[in-house]
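**Student:** Need a 3D model of the sequence below.
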Amino acid sequence: MIEGAVRAIPPAIANQVADSGRLVTILAPDGGASVAVLAEPSLGGLRAQPEFDAAAPLLPGLAPAPTFVF
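**Tutor:** Residues are numbered from 1 along each chain as shown. This is a model prediction of the structure:
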């Protein structure tokens, strides 16, 4: 469980989820509505299923690195 909102599930955390494990967090896309998700491992990585609308503060330590936008 990530106790707060993140823009995306960090790969370092996603890689720690066991094959039969689950991860619960709140995804807060930039400019979009926040949603609680249940993420489970699949062949292509974690598959996040939206469960319900939710709100929580963004966790600054798990923010994605800034990217260049042209």
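**Student:** what about Leu43, neighbour count?
**Tutor:** The local packing of Leu43 (other Cβ atoms under 10 Å) involves 5 other residues. C-beta: built from backbone N, CA, C; applies to glycine.
**Student:** For it, give me its contacts.
**Tutor:** Shown in contact with Leu43 (Cβ atoms under 8 Å, 6 or more residues apart in numbering): no residues.
**Student:** give the contact list for the closest residue in space to Val6 that isn't next to it in sequence.
**Tutor:** Distances taken as Cβ to Cβ, 6 or more residues apart in numbering place Leu62 nearest to Val6, at 4.8 Å, with adjacent residues excluded. Taking Cβ under 8 Å, 6+ apart as the criterion, Leu62 is in contact with 2, 4, 6, 10, 13.
**Student:** cool, Phe52 as well?
**Tutor:** Neighbour list for Phe52: 35-36 [criterion: Cβ under 8 Å, 6+ apart].
**Student:** What is the three-state secondary structure of it?
**Tutor:** strand (DSSP: H, G, I helix; E, B strand; the rest coil).
**Student:** Would you mind giving me the confidence score for the residue minimising distance to the centre of the chain?
**Tutor:** Centroid-nearest residue in the chain: Ile9, 3.2 Å away (criterion: Cα atoms, centre = their mean). On the pLDDT scale, Ile9 is placed at 91.
**Student:** By mean pLDDT, point me to the weakest helix or strand of this protein.
**Tutor:** Of all helical and strand segments in the chain, the minimum by mean pLDDT, DSSP states H and E falls on helix 11-14, at a mean of 90.
**Student:** so what's the nearest residue to Ala54 once chain neighbours are set aside bridging to?
**Tutor:** Closest residue in space to Ala54, ignoring its immediate chain neighbours: Ala36 at 4.2 Å, by Cβ to Cβ, 6+ apart. Legend: beta-bridge partners of Ala36 under DSSP bridges are Ile26, Phe52.
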